[in-house]
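> with the sequence up front, the predicted model follows.
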Amino acid sequence: MEKKNSIQFFLLVAGASLFLFVLTFGLFNVANAFTNEGGGNDYFDEDTWIGPILVDGLSKKQAIQLLTQETSDWSINQQSSLQFVFDETKLNGEIVQFLLDESVEQALSGEHNTLYTQINKEEWEATISNLQLDGYRELIDENRLQQYILNSAANLIILENPIHIPQYFKSVSDEKTLMVSESIQLGVSSFGSSSWIEKHGEVEVKVDQVFSLNELLLSDTEGLYNAQFQNEVSSLLYKVALNSPLSILERHITTNNEFNREIGYEAFIDKAHDLRVKNEYGFPLTIESNVIGNELTVSIYSENTPVKIQTVIKEKKELKQRVIIRPITLDQQERIVPGKNGMEANVERLVILDDSPWKTYEVTLDTYLPVHEVWYKYNEELLDSSGSANGSTGTTGDSSGIGIGNAVNPSPTPPAIVTEDKGYEEVEPELGDEYVGK
């Protein structure tokens with residue numbers, strides 16, 4: 001009897017346990033149904049990925065919610081741009097459309113799945129339009145460019161650096177090609193060319209790298225370069241940079257072109273003033289230097305693309321010096337301090353695409369003011385009643401010198417006229433306005 005009761009009790013407990021299990025499982029399914037709006041128990045298994053996002057243990061609805069948040073963050077934080085030669089336009093995150101429903105529906109549980117994306121055509125056209133490439137888009141492999149952007153988006157990789165369109169030209173030669181080469185005759189007092197060629201005969205400027213001539217010179221502790229040679233190198237480098245895809249970040253000129261550089265191409269440097277350029281071309285640029293006799297040549301090599309750069313001196317005019325007459329007394333020596341005409345040059349860069357002019361960029365207006373010739377002469381009419389010189393302002397005359405002879409008062413013992421080659425040549429170079437631009 002006791003044994004029978006034990007069996008009945010055991011069966012009762014087992015039945016109650018089964019009932020509770022079924023009830024609990026049923027309630028769980030009901031709750032899950034409400035939560036997922038009929039999604040059932042369709043949860044992703046362990047180690048399930050959609051793009052770079054882990055979605056294991058999530059329902060499809062929950063996975064879409066997570067992907068929406070992650071892709072929105074990518075779009076907001078997108079900081080890249082499209083760069084073409086000297087133009088740049090922002091690459092808006094909205095240029096990519098994320099196909100979340102399709103990505104979740106096609107995802108296989110327990111596997112690494114694709115996060116599907118597509119280009120927003122309207123945003124794409126607006127972005128390309130900002131670069132003014134109409135008529136030249138056939139040069140660009142836009143499908144390859146778009147695929148690079150889409151692959152980055154599908155892996156939620158933030159594009160921080162500019163995307164250089166020349167990298168996506170259909171026609172690009174891997175062979176290094178001469179882009180530009182310029183030469184100058186080194187001055188008699190120039191010193192340092194041998195050391196320069198030995199240490200810096202070939203310099204590579206990587207993509208997005210800023211090249212500083214001062215940093216290069218300061219790092220060269222063994223190089224001996226006088227100011228004459230430094231400014232010859234900087235001016236020649238500036239000229240070849242203007243005729244290449246290098247962007248000009250910093251460049252200076254002197255007030256009166258003290259080192260007699262080619263007008264429009266002077267680049268003055270010292271410890272406080274630099275020449276800095278940036279490679280935004282999309283390919284590494286190699287700067288090569290060599291010296292033959294007394295001639296320094298600087299050349300730039302890179303991949304061969306349809307892009308060519310030419311510098312144009314749009315307008316160059318001479319600024320005439322004047323003659324300033326300053327009176328002296330009889331006990332002073334007459335003399336002439338020669339002057340120097342000034343110059344003004346308007347420099348532009350012309351970008352040539354596929355052998356046809358595409359766009360012109362204004363670079364700078366270089367102005368060198370004239371140094372006026374000064375005549376120190378005895379002239380009684382210009383002296384005050386006390387017989388002293390009439391101040392320092394003097395009188396301005398025409399550069400032709402007309403009327404100068406009549407301005408000298410006849411004297412039984414006129415002072416000798418001494419011509420001195422002084423003035424601007426003995427003055428330390430004064431710095432002109434800084435130029436910063438493309």
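Perfect, I can see it now.
> okay, now the domains of this structure?
10-41, 49-168, 173-368 (automatic domain parsing).
> would a markdown table of these with distance to residue 375, mean neighbour count and mean pLDDT be doable?
For the C-beta atoms, the positions are set from N, CA and C on the backbone; glycine is no exception. Output for these, formatted as a markdown table (distance: least, Cβ to Cβ, whole Å; neighbours: other Cβ atoms under 10 Å; pLDDT from 0 to 100):
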| stretch | distance to residue 375 | mean neighbour count | mean pLDDT |
| --- | --- | --- | --- |
| domain 10-41 | 99 | 11 | 53 |
| domain 49-168 | 48 | 17 | 95 |
| domain 173-368 | 5 | 17 | 93 |
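> what ranges do the strands span in the stretch 151-300 of the chain?
Counting by DSSP state E, counting those that start in this stretch, the stretch 151-300 of the chain has strands at residues 163-164, 173-185, 202-205, 210-212, 246-250, 276-279, 285-292, 295-304.
> adding distance to residue 377, write the domains of the chain out as TSV.
Formatted as TSV, the domains of the chain follow (distance: least, Cβ to Cβ, whole Å):
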stretch	distance to residue 377
domain 10-41	104
domain 49-168	53
domain 173-368	5
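> any idea which of the ones you listed gets closest to residue 376?
domain 173-368 (5.0 Å; Cβ to Cβ).
> next, the distance between the ends of that closest one.
From its first residue to its last, domain 173-368 covers 42 Å (Cα to Cα, to the nearest Å).
> among the domains of the chain, which comes closest to residue 374?
Of all those, domain 173-368 sits nearest to residue 374, with 4.4 Å by Cβ to Cβ.
> pull the CA coordinates from stretch 354-363 and hand them back as PDB.
Only the C-alpha atoms of stretch 354-363 are listed here, as PDB (Å, rounded to 0.1, in the frame of the first residue of the first chain):
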ATOM      1  CA  ASP A 354      43.600  65.400 -71.500                       C
ATOM      2  CA  ASP A 355      45.600  68.100 -73.500                       C
ATOM      3  CA  SER A 356      42.900  70.800 -73.200                       C
ATOM      4  CA  PRO A 357      42.700  73.700 -70.800                       C
ATOM      5  CA  TRP A 358      40.400  73.000 -67.900                       C
ATOM      6  CA  LYS A 359      40.700  75.600 -65.100                       C
ATOM      7  CA  THR A 360      42.800  78.600 -64.100                       C
ATOM      8  CA  TYR A 361      43.800  79.400 -60.600                       C
ATOM      9  CA  GLU A 362      45.000  82.800 -59.400                       C
ATOM     10  CA  VAL A 363      48.200  82.300 -57.400                       C
END
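> that one: how far from the chain's middle?
Here stretch 354-363 is found 17 Å from its chain centre; the criterion is Cα atoms, centre = their mean, to the nearest Å.
> also stretch 167-184?
With Cα atoms, centre = their mean, you get 19 Å for stretch 167-184.
> contacts only, for the spatially closest residue to residue 216 that is not a sequence neighbour.
Spatial nearest neighbour of residue 216, chain neighbours left out: residue 200 (6.5 Å); criterion: Cβ to Cβ, 6 or more residues apart in numbering. Listed by Cβ atoms under 8 Å, 6 or more residues apart in numbering, the contact set of residue 200 reads 216, 220, 289.
> do the same with residue 257
By Cβ under 8 Å, 6+ apart, the residues touching residue 257 are 263, 266, 343, 368.
> got phi/psi on it?
phi 50, psi 60 (degrees, to the nearest 10).
> now swap in residue 349 and tell me
The phi/psi pair for residue 349 (degrees, to the nearest 10) is phi -120, psi 130.
> now swap in residue 64 and tell me
Per degrees, to the nearest 10, the backbone of residue 64 is at phi -60, psi -40.
> that one reaches residue 104, doesn't it?
Yes. Taking Cβ atoms under 8 Å as the definition, residue 64 is a contact partner of residue 104 at 5.4 Å.
> my read is that residue 43 contacts residue 59, right?
Yes. Applying Cβ under 8 Å, one finds residue 43 in contact with residue 59, separated by 5.6 Å.
> now the contacts of residue 257 as CSV including distance to residue 124?
Formatted as CSV, these follow (distance: Cβ to Cβ, whole Å):
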residue, distance to residue 124
263, 44
266, 43
343, 47
368, 47
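> of the residues you listed, closest to residue 145?
residue 266 (39.0 Å).
> so who does the nearest residue to residue 160 once chain neighbours are set aside touch?
Closest residue to residue 160 apart from its sequence neighbours, by Cβ to Cβ, 6+ apart: residue 79 at 5.4 Å. Neighbour list for residue 79: 158-160 [criterion: Cβ under 8 Å, 6+ apart].
> now, which of the residues you listed sits nearest residue 91?
Checking the contacts of residue 79 one by one against residue 91 (Cβ to Cβ), the nearest turns out to be residue 159, at 6.8 Å.
> any idea how far the residue nearest to that closest one when sequence neighbours are not counted lies from residue 136?
Closest residue in space to residue 159, ignoring its immediate chain neighbours: residue 80 at 3.4 Å, by Cβ to Cβ, 6+ apart. Taken as Cβ to Cβ, to the nearest Å, the spacing of residue 80 relative to residue 136 amounts to 22 Å.
> same check, this time on residue 220
From residue 220 to residue 136 the distance is 42 Å (Cβ to Cβ).
> now do residue 230
In terms of Cβ to Cβ, residue 230 sits 40 Å off from residue 136.
> adding distance to residue 247, write the contacts of residue 200 out as TSV.
Converted to TSV, the contacts of residue 200 look like this (distance: Cβ to Cβ, whole Å):
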residue	distance to residue 247
216	18
220	24
289	21
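> one step back: contact partners for the residue nearest to residue 159?
Residue 80 sits next to 91, 158-163 when contact means Cβ under 8 Å, 6+ apart.
> what of residue 102?
By Cβ under 8 Å, 6+ apart, the contact list for residue 102 reads residue 116.
> name the element residue 71 belongs to?
Using DSSP states H and E, residue 71 sits within helix 60-77.
> contacting residues around that helix?
Here helix 60-77 makes contact (Cβ under 8 Å, 6+ apart) with 36-37, 39, 42, 44, 50-51, 53, 55, 58, 93-94, 96, 98, 100-101, 103-105, 107, 115, 153, 156, 158.
> next step: those residues restricted to helices.
Taking DSSP state H as the definition of helices, these contribute 36, 100-101, 103-105, 153.
> how far away is residue 167 from residue 95?
For residue 167, the distance to residue 95 - Cβ to Cβ - is 18 Å.
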